[in-house]
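*Asks:* how would this look folded up:
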Amino acid sequence: MIDKTVKSIVYLLSLWLSIGINAQNTTVVTGYVYGVDDQLPIADAVVGFHNTAITTITDSNGYFRLVSSHRHKSLVIERLGYDTKNIKLPKDIGEHTLQIALYKQSNVLQEVAISPPKNLMKEILRKVHKNKKQNIPENLWGFSSERTETNKLYLTNINRKVLKAKIFSGIRQNAIYDTDSTVIVPVHFSDRRDLIKFSETDTTLQNIVHKENTLDILRGVRLTQIMSVYAPKVNFYDDGILLLEKMFVSPLSQNGMLFYDYEVKDSTLDDYSRVYFIRFKPKNDKLLTFTGDMQIEGGTYALKYINASITSSANVNFVRYMIFNQSFARLSNGRYFYTSDNSKICFMYDFPFSFDAEYLSAVLDRSVRYANTHSIDRGQTIDTIPDMQDEADTNLYFAASVENLNNTKLQKTIHYIVDVLINSHIPMGKLDIGNIFSFVRYNAVEGFRPTFGMRTSEKLCRWFTAGGYFGYGFDDRQPKYGANAQFFFGKDQSHYLGVFYNNDVYRLGYDTKKILAGKLFVGSDENLLTSVSWGQRYNQLLHKRNAIISYCYERNGLKLSVIPSVSEIYSNRFVRFVRDGNDFSKINTASLVGVLRLSFDQEQLKTYFRSFYLSTQLPVITLLGEVGGYRVGDKSGRYAKLTTHIKYNFAFTLGKVYFSAYGTKIWGRVPYILLEQPIATQGLWHNSHSFDLINQTEFLSDLYGAMFFRYYSNGLIFSHIPFVKEFNFRETAFCNVAWGAISPRHAQVLDFPLVEAFDKPYVEAGVGIANILNMLIVESVWRITHRDAPNALNWGVRVKFYMDF
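*Replies:* Prediction:
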């Protein structure tokens with residue numbers, strides 16, 4: 001799955017870059033910002049060194065911290081509704097602590113002398129929820145607007161002394177420098193202007209301008225897809241806001257009173273309508289909530305303005321801060337539509353026990369402005385935002401820097417490394433060497449096995465590749481080899497055809513899993529990472545020779561696959577083919593498989609003959625039908641198989657749920673190696689849809705069902721424990737169930753190995769601690785049923801890699 005692969009690559013690159021480009025702090029300014037009138041802390045005030053890009057925001061308690069390697073003359077503090085303040089700093093370099101008082105602006109709208117009742121906020125939230133369908137901007141119609149969207153991704157917190165190294169000369173020459181020590185390395189820039197018409201029946205979009213510059217490391221289309229999944233547009237009218245695959249509680253949520261402390265600061269008159277000025281902050285800063293302020297119009301109960309942020313204190317990994325700012329203007333129908341929608345997310349790997357050190361950060365800056373908004377019928381202009389020439393010039397310089405950086409040696413080197421990690425092949429001109437994870441592996445059948453493989457590369461042809469591999473097992477003393485040819489065709493390369501021949505060793509019982517996962521048929525899935533397995537008996541492997549043709553059509557969330565194949569499967573000392581005391585050396589099979597996969601609104605990243613599905617909050621349904629035949633000695637037969645698989649992963653206020661259900665029915669008599677069995681975990685990576693304590697071939701069945709349920713919290717308990725909450729630990733709990741039945745008719749083909757009766761369900765359950773050092777999960781697992789089975793492991797502790805925002 002893409003989530004695991006992308007997060008792993010991002011983590012590794014962040015680790016490497018953070019060590020090499022770590023800012024060295026020399027000047028530290030900490031402080032506390034509060035209001036003069038009420039002596040209360042002021043959250044979300046912007047604090048920065050004068051005439052620099054070094055800024056931060058105050059947390060929910062009014063505190064801030066700024067770091068720089070240069071001396072600065074003054075500090076600037078800004079906050080909506082308060083006078084801007086400029087404070088002169090001491091001349092010496094060192095650590096300074098300040099207390100800063102801000103005065104309310106005297107030119108705000110006239111205050112209405114009211115004493116808000118205690119339940120006023122509850123009533124405001126009730127009316128906001130009642131009117132939200134009419135107020136959601138995307139639901140409005142009858143007008144048009146020009147939308148300008150600018151996206152920037154850049155690296156910051158890069159120390160100038162580090163850039164003096166020869167390896168960074170390309171970055172040093174093309175980076176953007178501020179007046180102080182701040183260095184910005186542009187990665188991606190896009191600028192798009194559209195004319196949008198909102199009518200009652202549909203919304204039409206006419207593109208006016210579209211410019212894009214991206215480092216080759218992150219090609220623009222891929223970055224846009226990733227942003228749409230992990231950092232989508234925020235709608236504060238929703239009770240829950242999905243960001244980084246986590247559900248944050250909106251300050252406008254019906255249940256907001258459970259998560260937030262609100263303060264109605266002012267109630268003013270604006271165009272003869274009351275406006276509520278509301279400040280909000282989380283009851284517990286570890287929860288997935290926001291801090292900030294908003295304005296709500298008292299007639300329609302629509303948002304006029306909101307500024308919301310998430311600081312590093314929240315239980316979110318790899319994020320230093322997130323800031324969202326939205327402004328709205330009244331339309332002719334009295335409803336409110338956007339004038340601006342801005343967001344900024346700063347990603348940073350915060351090393352455990354780093355004590356607030358400033359490591360390399362990546363900032364995603366998104367700015368959306370709406371101009372010339374007017375009624376379609378009346379032609380009445382509602383709001384106009386003039387173009388900003390200074391901003392346009394800055395954007396041009398930013399885009400030019402991206403283009404120049406694409407030609408540097410360092411960028412090409414990093415691009416090369418990322419390409420190897422994502423595609424698992426080493427580019428060598430018109431050839432790719434790999435799969436790199438299959439260079440070396442070990443298992444009980446083959447022993448130590450080196451493998452060398454290659455294929456034609458993208459430089460030779462983008463829509464066609466041909467390749468092969470050769471390996472040798474030092475225990476079984478047999479060569480393994482394979483060859484393949486694959487190509488895409490049709491509109492948008494929606495059709496795929498691959499032809500494969502393999503002479504390889506496969507893990508028994510995993511064929512259907514591989515097809516359901518949509519993996520290619522180049523060799524087996526055994527590799528360096530799966531050589532270490534939690535399965536208690538990792539010797540059930542089969543040597544196969546197979547020829548496979550795979551055709552796929554995929555478009556708009558629908559994927560249809562047709563896979564005919566023939567195989568010759570050989571017995572070994574661990575997996576024997578016996579009938580009535582007679583040993584058979586091989587089994588011949590032929591099958592035709594059809595697969596239908598439905599996954600609506602699921603983004604997919606495509607690289608060179610490899611694709612990854614991004615996370616989705618909707619169910620993914622897969623249907624697999626198979627018909628085939630076999631021959632074992634003088635006995636042959638036919639069979640049919642139907643499999644249904646449903647996977648549903650979703651986030652909600654209290655965490656995440658990973659759920660999947662799997663069912664199979666087999667008709668006819670088959671050799672036991674074609675029966676269904678529960679799947680044991682492979683490798684060291686955490687997998688939410690496999691069993692931890694089960695043995696290979698412990699259960700066999702022709703009618704089989706399995707269910708996996710796993711819950712990850714956001715720190716349901718740990719977030720409330722003093723000191724412990726600072727480690728951002730998260731609780732996890734799970735339950736896996738399998739149940740099946742087997743007919744004795746299959747024993748007429750081959751004798752069964754020693755298997756457990758499936759007369760009652762197999763159940764295992766466990767609890768654990770996730771997010772240890774931001775990348776590990778430790779779980780205690782218990783076998784609930786079948787505890788007296790031979791070789792049963794009834795309890796175990798599992799330590800695996802698991803990374804999540």
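
*Asks:* how about residue 786, secondary structure?
*Replies:* When classified by DSSP: H, G, I helix; E, B strand; the rest coil, residue 786 comes out as coil.

*Asks:* Could I get the full set of helices for the stretch 201-350 of the chain?
*Replies:* Under the criterion DSSP state H, counting those that start in this stretch, the stretch 201-350 of the chain contains helices at 220-230, 256-259.

*Asks:* Redo those as CSV? Include distance to residue 554, mean neighbour count and mean pLDDT.
*Replies:* Every C-beta, even on glycine, is put in place using the N, C-alpha and C of the backbone. Shown next, in CSV, are the helices of the stretch 201-350 of the chain (distance: least, CB to CB, whole Å; neighbours: other CB atoms under 10 Å; pLDDT from 0 to 100):
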stretch, distance to residue 554, mean neighbour count, mean pLDDT
helix 220-230, 15, 17, 70
helix 256-259, 41, 16, 89
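
*Asks:* Could you export those to CSV, including columns for distance to residue 801?
*Replies:* Converted to CSV, the helices of the stretch 201-350 of the chain look like this (distance: least, CB to CB, whole Å):
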stretch, distance to residue 801
helix 220-230, 20
helix 256-259, 31
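
*Asks:* For residue 214, which of those is the nearest?
*Replies:* For these, the distance to residue 214 is smallest for helix 220-230, at 4.2 Å, taking CB to CB.

*Asks:* The closest one packs against which elements?
*Replies:* Applying 3 or more CB pairs under 8 Å, 6 or more residues apart in numbering; DSSP states H and E, one finds that helix 220-230 makes contact with strand 183-198, strand 203-214, strand 604-607.

*Asks:* out of these, deepest packed?
*Replies:* Comparing the helices and strands packed on helix 220-230 by mean neighbour count (mean count of other CB atoms under 10 Å), strand 183-198 ranks first with a mean of 20.

*Asks:* what angle sits between that strand and helix 220-230?
*Replies:* For strand 183-198 against helix 220-230, the angle by axes from the mean of the first three to the mean of the last three CA atoms, to 10 degrees is 70 degrees.

*Asks:* Can you give the strand pairings for strand 183-198, parallel or anti for each?
*Replies:* Sheet partners assigned to strand 183-198 using DSSP bridges are listed as strand 143-156 (antiparallel), strand 176-177 (antiparallel), strand 203-214 (antiparallel).

*Asks:* mind checking the SS state of residue 167?
*Replies:* Taking three-state DSSP, the label given to residue 167 is helix.

*Asks:* Please identify the buried residues of stretch 476-491?
*Replies:* By neighbour count on 16 or more other CB atoms under 10 Å, the buried set for stretch 476-491 is 476, 478, 480-488.

*Asks:* same check, this time on stretch 769-781
*Replies:* Using 16+ other CB under 10 Å as the burial criterion, the residues of stretch 769-781 that qualify are 769-772, 774-775, 777, 779, 781.

*Asks:* Which two of the residues you listed have the greatest separation?
*Replies:* 774 and 781 (22.5 Å).

*Asks:* show me where the stretch 201-350 of the chain has strands.
*Replies:* Ranges of strands in the stretch 201-350 of the chain, per DSSP state E, counting those that start in this stretch, are 203-214, 240-243, 246-249, 260-270, 273-282, 291-297, 303-310, 319-330, 336-348.

*Asks:* can you give me the offset of the fifth one from its chain's centre?
*Replies:* Think strand 273-282. 33 Å (CA atoms, centre = their mean, to the nearest Å).

*Asks:* which residues sit against it?
*Replies:* 43, 60, 81, 109, 112, 121, 124, 251, 256, 259-269, 289-299, 304 (CB atoms under 8 Å, 6 or more residues apart in numbering).

*Asks:* What strands line up against that strand, and which way round?
*Replies:* Applying DSSP bridges to the sheet, strand 273-282 is found paired with strand 260-270 (antiparallel), strand 291-297 (antiparallel).

*Asks:* Domain map for the chain?
*Replies:* Listed by automatic domain parsing, the domain ranges of the chain are 20-102, 137-234+317-413, 424-801.

*Asks:* how far is the longest one from where the chain is centred?
*Replies:* Taking CA atoms, centre = their mean, one finds the center of domain 424-801 at 22 Å from the center of the full chain.

*Asks:* would you list every one of the helices in the stretch 51-200 of the chain?
*Replies:* With DSSP H, counting those that start in this stretch as the criterion, the stretch 51-200 of the chain has helices at 120-130, 132-135, 160-163, 169-174.

*Asks:* List the buried residues of the first one.
*Replies:* Of all the residues in helix 120-130, those buried under the rule 16+ other CB under 10 Å are 120-121, 124-125, 128-129.
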